[in-house]
Every structure is written in structure tokens, then in C-alpha cells.
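> Give me a model of this one.
(chains A and B)
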Amino acid sequence: MSQETFKYPGLNLGAGHSKDDDAVQTTMFGFWVFLMSDAILFGMVFATYVTSVHATAGGPGPKDLYDINSVFIETLLLLASSFTFGMASLALKYKHSAPRLVTWLIVTLLLGAAFLGFETHDFLTMFAKGGSPERSGFLSAFFDLVPLHGLHVTGASIWLVCMIGQIARYGLDTRTKLGIMRLALFWHFLDIVWIAIFTVVYLAGLT
Amino acid sequence: MSADDIFQHPLGRLQWSSLPFWNMVHHPTTENLINGSIGGFAASLVVIGAVVTFALITRYRKWRVLWEWVTSVDHKKIGIMYIVIAFVMMARAVIEAWLMRLQQADGLHGGFLSPDHFAQLFSTHGTIMIFFMAMPFLIGIINYVMPQQIGARDVSFPVLNSISLGLTAAGAALVMVSLVLGKFSTGGWFGYPPYTEANFSTGVGPDYWIWALMLSGLGSTFTGINFAVTVYKERCPGMKLMHMPLFTWTALVTSIMMIFAMPPLTVAMAQLALDRYLGFHFFTNALGGNMMNFANLFWLFGHPEVYILIMPSFGIYSEVASTFSGKALFGYRSLVMATMAIAILSFTVWLHHYFTMGQSANINAVFGIASMLIGIPTGVKIYDWMLTMFRGRVRFTVPMVYLIGFILLFVLGGMTGILLANPSIDYQVHNTVFLVAHFHNVIIPGVLFGLIAGYHLWFPKAFGFRLNERWGMISALCWIFGFMLAFFPLYVLGLMGLPRRSVAYAQPAYVPLEIVAFVGAVVLVVALLALLWQLCTSIRDRDENRVFAGDPWDGRSLEWANAAPAPEYNFAVIPVVKGRDAFSTAKEEGTAFNRPAAYTDIELPKNSAMGPIIAATGFLLAFGLVWHIWWLVIVSFVAAIASMIIRGFARDTTRIISADEVRKEHQHWLDAVARATAVSRAVETGSANTGLAQHEANGASP
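Numbers count the residues shown, from 1 in each chain, chains lettered A, B, ... in the order given. Below is the predicted model:
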């Protein structure tokens, strides 16, 4: 373990996957660059939110609309899903085991779906309280930022289903390994974005 | 959007009255007749152009060839297709510019265009020139040249490259369709809300603009990622970063800027779309909207964007200066550092686009000083290019003429930029044609001359024959002098107080200068025609100008160490380099045309239909959104996603070119090189030049 050289940032496939490990280098680097660009995208939307947080135009504000209990559950679900995806990556790296990998992926998917369910419920509750995006600049910014993350999670979930399909069809070939590796990065990235949302939107909004 | 809606309005907002001549037929006033005729003529050009292209392809049975091209993932073919888009769009935008100058020359009497028509002209002119002329042109040249300069077989993600091209093409097609159906935005190329919001611009115009920019912006983001990864990961053995040709450096910097600068544009466009389509309040006047967020987001993209445009041209000028002076580039290290410095500074000056929009004097001062600072690294570059020419054996080829025109004119444009960077001066000339003169003065000599110089420099590499020198020279001189005539008067007019985008004016003193500017516009149209005519004559005379041996200009970097045109895998054997100017070194050591001991099989990506599929679905999706044809939006969105999922299941995506085939092709070229006579630089523009150069040793002529 101690002599392992890293060919790209993050969890490497390592020497046990000699041929594949070389093949994924460039693609993994490219995906990191993509994440950087995606991070800028979120950064801009965060900036919009922060500058609009007081633009409630007489409508409901954060304290009237946010439900910290529900958001806390969502946070736990998403953090747990990151952990289970980590287990999936380890199953790929050390066990070379498709069934084990797929099991962890399915657990991850279920956690992700549960997160999306809770989030949708939050939005509907907000709508019911008169907190819809056309009410104010603040709500527009909220519904730009938080659902953007939700859309990313939805996309990642669809991707996850496709990866399970690819594993079923081809087993653990280079391309599926590569897909799992990138999806893992994406999933953890979305987790980090959520932590920022939890802090900047919900905690800051409710204090 | 209920099911009822879909059946009652299957074409959404699209109606007969969306056709450009409809208004003219139903309300035949003089003004409507003139504007309708111009619009109808332009629309029919688009339609006739499409029909003729379709007919010719069918007539000559070229559909298969076309399919081979559009599905190709070869960076060289993709680069050429980008440049074709750029030329088509340039033709339209130059004609629009000419029309606007004609209108203003007659502006004292109100001219002949309606204000609405005039506003569409300046909006499409700006949008096209930035997003669908300059961007595809520079991306095309980088695509073609950069992988060859670093000794690579292709970019890192060839299919993504084809998809980026598809997205750009879809955006360009959307702008072209806006000539035929409906009207384009009247909000200028940066489309400030609240004017572009739904309650002030009710039509489809801003929607065309939003989705065209969204498509091309997405394409550029992917291109940036692709190029940056290529430069970092695909360099041939021995090529350290500080060994890269300067053009590759600028390609890298441009890519990094694309990665960082495109997301703000995407966000601004998405938020404006949410405002227009779903009643959000990002930039509206009421209910907490804040237009300044748009200004910040847009210029946070917009300012780096102008450096994205100019960096590759700076790279091209570096190559031109050293190639056509027969000298290694002067101050390579300082040029690299200046390039990086400009890239970083470019993200710190965006606020100078709206000094007058209400922030405090201190903030204006900070951004003003930051803007002036950019003059320093840019000045370093100008000196480096001049010192490269100093004591070199300068040859007055077409690219060199562009370089000299650039140095003289760009310094002037830079000076007026420093003036504008001073907020107190900016207050005086803000939104006058002084500004229009300034940014054309940096963009035309800076960006456009560079790209055309690059087109002349690398055309023989791409197609195997040189361009006609005489028509190239005529075109270059027309661009240079036409530019001066068209834009120098605008400086004076700006100081006299003429606001930009004026459809008419009441000040007789403007007229003489406006007429001079119009003459300049005519000369610029001639320049474009000369450029197109040059292409035609060059194709006609191609057999006398063949340069198959591949090195017509005594080139210095690796892209010349190959046949012209290069084989699809670029290098039969991946080169190994030791330093800068790798091909010059090889020529001096006599190793440039060595026959390798052995060849190996080469693995290349197969053609992929992803590019055209994304182009088609992207275009239809955007078209559906513009016209509120919701079923089309859903269908094309689902089709796009499905195609990506299916592509994920593809496995058999590469093909092998056998070592034998590679050997045959390589030996064929080496034999041609062995037969060719090396020519001196004195006759390089004549038919004696078959692409083998007598190498001139580095340094000054005695």
C-alpha cells in the first residue's frame, strides 16, 4: 500500500488492474477538469443566491419556509450514500467482484432516490406555503440553486442505472470500470455541493 | 401546456406572420416594403443556399462523403468544419455591418431601415462575430494545429470533440433560421435585461439569442476541457511544457479560460430563460429581481471571452513572426509569462464594462487600474514580436503583412483601451461609437487578422497546396486600409457624441465622417470577396502549388514534419523531441526525414454518429423552445439523452491501421521528399516550392 503511486487524484484502481489503470488516466484527469467547470457553475448560482437572499419582496423568507428536520434527514441520506459508494469503489478495487459492487451501487441508488423524495416533498411544502419561484427574487434564486443540485443527483442516478446495465451486459471491462470511477467522483462532488447548500442556504437561513 | 394545447397549436407560436415578408404584403408602406424586401432577400438567400447545397450534394452523389465528414472524429476534419462554419457566418455578419454603415451614412435623413430592423442587425452582427465567427475560427485552427504541434495522434476525447462541433453548428443554424422564421433579438449581443425580459421583448427574438448562446457555450466548455487535457496529457515524449510552440501555449491558456469563463454565461442564459419561460424574478424590475446580477455574470464571462478570442491569434502571430523572419522566437519565456499574466488579469477587470452603472468611485478605480495593468504584458508581447523580426530575414508574405498591420493598429487600439480604462474618461465616451471604434480596433487587427494569417500559414498543411499570394495580398491590404477607413472616423464621431447603435441622428456634422466610414465598409466587403476569390483561384490552380513534402515555409515546429495533408493518424512514428523548435533542430541535425526501423499498428477511434445526432437533437430542442413547440422539446430531449445512454453501451469503438499500411504511406511520402528539390526562401511563393525547404540556420542575416 505504501508504495502505491497515484496516477490521478482520488482513489486509483491501482496495480491490481494494471492495463485498465493506465487506460483511465487521461479520462479521469479530464473528468476532474469537468468537475472544476461544474463547480464554477454552482459557484455562480451560489453567488446569485447570496446576493438575492434578502430580496423577498414582502413574500415568505427562509424562516417561514425551511424545515431543518427534513433537510437534516436529507443530509444524512446523502452522506450515507457517499459512504456506500465508497464501499462500491473498494469492492471494485480490491475484490474485483461485480455482485458486491452492484449491491453497493443499488444501496447507493436507493439512498439517492430517498434523498430526492424528501427534497421533492420539501419543495411541495414550500409551494403550499406560498413559496414558489415567481413570488420573489429570493425564491427564484433558491429554486435555481437547490433544484440544480437535485437535477444533478437525478442525472447521476440515471447514470448509475446505466452503469448497472453495462455491468450486467459486459461485466467489469475497462469501460465499465471507467464509468464507475467517474460516477464515484461525481457522486462525492455532489455531496460536497450539498454540504455547501446545507450550510449557506439552510443553516445560515435559519440562524 | 396541456394535451389540448399540443393538438390545437402543434407548431406553438409559429404562424404565417412569422415569415419575413408577411408584414410587407399585408401593410405595404414604403418602410415595410424596404425592410421586408431586405429581410425577405436575406431569408431567401438562406433557403436557396440550403436547397442548392442539397441539390448539388445529391447531383454529385456526395451524401456518403458528407456523412464520412460529419461523423468523423479526426481532429483535422473537425477543425476544417469549424472553419467552414466561421467563413459562412462571417459572410453574413460582414454584409450586416455594411448595411448598418449604409444606414448611418444616410442617418441624417432617417435612413432606410426601421429601428427594429437596425436593432436586429447590430444584435446578430455582434452575436455572430463573437460566437459563430471568431470562436469557431479559433477553435478550428487550434483543433487542426495543436495536436500536430505536440506530436499527438488526436485530441484526448475525439468523440466529445465532434459533439462540441455539433453543438456549435446547431447554434449557428439557429441564428440562420432566425432570418427565415421570426425575428432575432433586438437587445444587442449582450442582451441586457430587463429589456430582454418577457414583458418588454415579447417575441421570439431573445429566445433565439438565449438558446443559440447556450448551445455554443456548452460546446465551447467541452472544447476547453478537451484541449486542456490534450495539452497536458498527449504531448510526445520529451516535450516539456517549456518546449511547446507558443501557439500551443496560447491554445492551453484559451482552453483554461474557456473552462472558467463559460459557466457564468451558461448561468446567465439559464436564469434569463427561467425569467422568460417560467416567470422567475432574477433580473426583472419587480419583486426583488436584480439586473446587476446579469451584468456581473455576463461580463464575468464576457471579459475573459475577449482574451479567449485573442490568445490564439497571439499564438499565431508568434509563429508567423519567427517562421517568416527565419529566427527562433525572441523572449519565449517572457511570452509564456505574459500570456499567463493576461489570462489571470482577464478575470479581474470585468466591471470596466459598466463603470457608469452605480458602484462607488473606489471600486471603479480598482477595476480601472487592473484594466490598465493588462497593457504591460501585452506590451511585452509586442516588443517580443518586433525583436523576433529585428535582424531576421523578414519575408513579406501574406501572414507577415497581417502581422505588421496588426502591430501598428493593435497598439493604437490598446492605447484607446487604456483611455477607456480610466473611469473618468469612460464617463465621457461611454456608449458612444468611440467604444465601438476601440473594440473593433482590438478585435479586427487583433483577432481577425491573426486568424486569417493562421489560415494562410496552415492552409497548405491542411489541403496540400498553397493559397494564391497575389489575391491574398490584395485581401490583406483591403482588410487593413478598409479597417482604418471604417473605424478611425468612429473615434472622432464618438468624441463628438454620437451614441452607439443609433439608427438615425440630427447632427449634420456627423455626415462626412459617416460617409468615410461607409467607404471603409465597402473596402472591407471587397476584402472578404478577395479572400473568397483567392480560395477559388487557389483551388483552380492547385496542381501548380502542391506542397506534398509538407514544409513550404521552412517551419520550425512538429506540424511541418509530416506530409501535407497529414495522414489521419498524424505521425507514422510518434516523434521524440529534446527542446523547442523540434523540427528545426531535426533539420539541422539531418534527422528530419529518417526512415524508421519498424512500424507498429495504430489504433484510431471509429467514426461516430454522436456529433450529428447531438447537433440535430440540440437544434430541434432549441427550436422547439424558441417557438413553444412543447412536443418537439420533449421528443428531442429524450432522443438526446437516449443517444448518450446507447453510446455508453458501445464497446467496439476503435479500429486498427496496420503497420504495413502505415509503412506504405510513410515511405511514399519519404520518397516524395527524397525526389523533391529543396527551395530557398526567395522563391517560396512560386511553383518551385513543392514543400521541401532549404533550411536557414537560426539567427540574423549578415
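
> residue contacts, the spatially most central residue of chain B?
Note on chain B: the residue nearest the mean C-alpha position is residue B:134, at 2.1 Å, using Cα atoms, centre = their mean. Contacts for residue B:134 (Cβ atoms under 8 Å, 6 or more residues apart in numbering or on different chains) come out as B:86, B:309, B:443, B:447-448, B:451. (Glycine included, C-beta is placed from N, CA and C.)

> what pLDDT, on average, does stretch B:133-147 get?
Stretch B:133-147 carries an average pLDDT of 97.

> Among the contacts of residue B:134, which one sits closest to chain A?
Distance to chain A across those (Cβ to the nearest Cβ) is lowest for residue B:309, with 19.1 Å.

> what is the mean pLDDT for whichever strand or helix holds the closest one?
Element membership of residue B:309 [criterion: DSSP states H and E] is helix B:291-323. Averaged across helix B:291-323, pLDDT comes to 96.

> Against which helices or strands is that helix packed?
helix A:18-52, helix B:135-149, helix B:246-278, helix B:332-345, helix B:375-389, helix B:398-421, helix B:433-442, helix B:449-463 (3 or more Cβ pairs under 8 Å, 6 or more residues apart in numbering or on different chains; DSSP states H and E).

> 6 Å instead, please
If contacts are counted by 3 or more Cβ pairs under 6 Å, 6 or more residues apart in numbering or on different chains; DSSP states H and E, helix B:291-323 sits against helix B:246-278, helix B:375-389, helix B:398-421, helix B:449-463.

> can you tell me which residues contact the residue in chain B positioned nearest to chain A?
Distances between chain B and chain A by Cβ to the nearest Cβ are smallest at residue B:288, namely 2.9 Å. Residue B:288 makes contacts with A:55, A:57, A:136-137, B:281, as judged by Cβ atoms under 6 Å, 6 or more residues apart in numbering or on different chains.

> buried stuff in the helix holding residue B:309?
Buried positions in helix B:291-323, judged by neighbour count with 16 or more other Cβ atoms under 10 Å in any protein chain shown: B:291, B:293-323.

> Please verify my assumption that residue B:172 contacts residue B:132.
Yes. Shown here, residue B:172 and residue B:132 form a contact pair, counting by Cβ atoms under 6 Å, at 4.6 Å.

> So for the two, which sits in the more crowded spot?
residue B:132 (29 against 26; other Cβ atoms under 10 Å in any protein chain shown).

> tilt between the helix holding residue B:309 and helix B:375-389?
Angle, helix B:291-323 to helix B:375-389, by axes from the mean of the first three to the mean of the last three Cα atoms, to 10 degrees: 20 degrees.

> okay, the angle between helix B:291-323 and helix B:449-463?
Angle of helix B:291-323 versus helix B:449-463, following the same axes, to 10 degrees, is 60 degrees.

> chain center to helix B:291-323, what's the gap?
Between the centre of helix B:291-323 and the centre of its chain there are 11 Å (Cα atoms, centre = their mean, to the nearest Å).

> Show me what the helix or strand containing residue A:142 is packed up against.
Following DSSP H and E, one finds residue A:142 within helix A:137-170. Secondary-structure packing of helix A:137-170 (3+ Cβ pairs under 6 Å, 6+ apart): helix A:18-52, helix A:98-128, helix A:174-197.

> Go through the last one and flag the buried ones.
Of the residues in helix A:174-197, those buried by neighbour count under the rule 16+ other Cβ under 10 Å are A:174-191, A:193-194, A:197.

> same question, stretch B:403-410
Quick answer for stretch B:403-410 (16+ other Cβ under 10 Å): B:403-407, B:409-410.

> just to revisit the earlier point, may I ask which two of the contacts of residue B:134 are separated the most?
Greatest spacing in these, by Cβ to Cβ: B:86 and B:443 (14.1 Å).

> what about residue B:62, how many neighbours?
As a burial measure, residue B:62 scores 13 neighbours (other Cβ under 10 Å).

> I'd like to know how far the closest residue to it other than its chain neighbours sits from residue B:41.
Closest residue to residue B:62 apart from its sequence neighbours, by Cβ to Cβ, 6 or more residues apart in numbering or on different chains: residue B:56 at 7.7 Å. Between residue B:56 and residue B:41 the computed distance is 22 Å (Cβ to Cβ, to the nearest Å).

> do residue B:103 as well
With Cβ to Cβ as the criterion, residue B:103 and residue B:41 are 16 Å apart.

> which one of the two has more residues nearby?
A count of neighbours by other Cβ under 10 Å puts residue B:103 above the other of residue B:103 and residue B:41, at 21 against 12.

> Just the residues contacting stretch B:258-268, thanks.
Contact with stretch B:258-268 is made by A:37, A:40-41, A:44-45, B:217, B:220-221, B:224-225, B:294, B:297-298, B:300-301, B:304-305, B:308, as judged by Cβ under 6 Å, 6+ apart.
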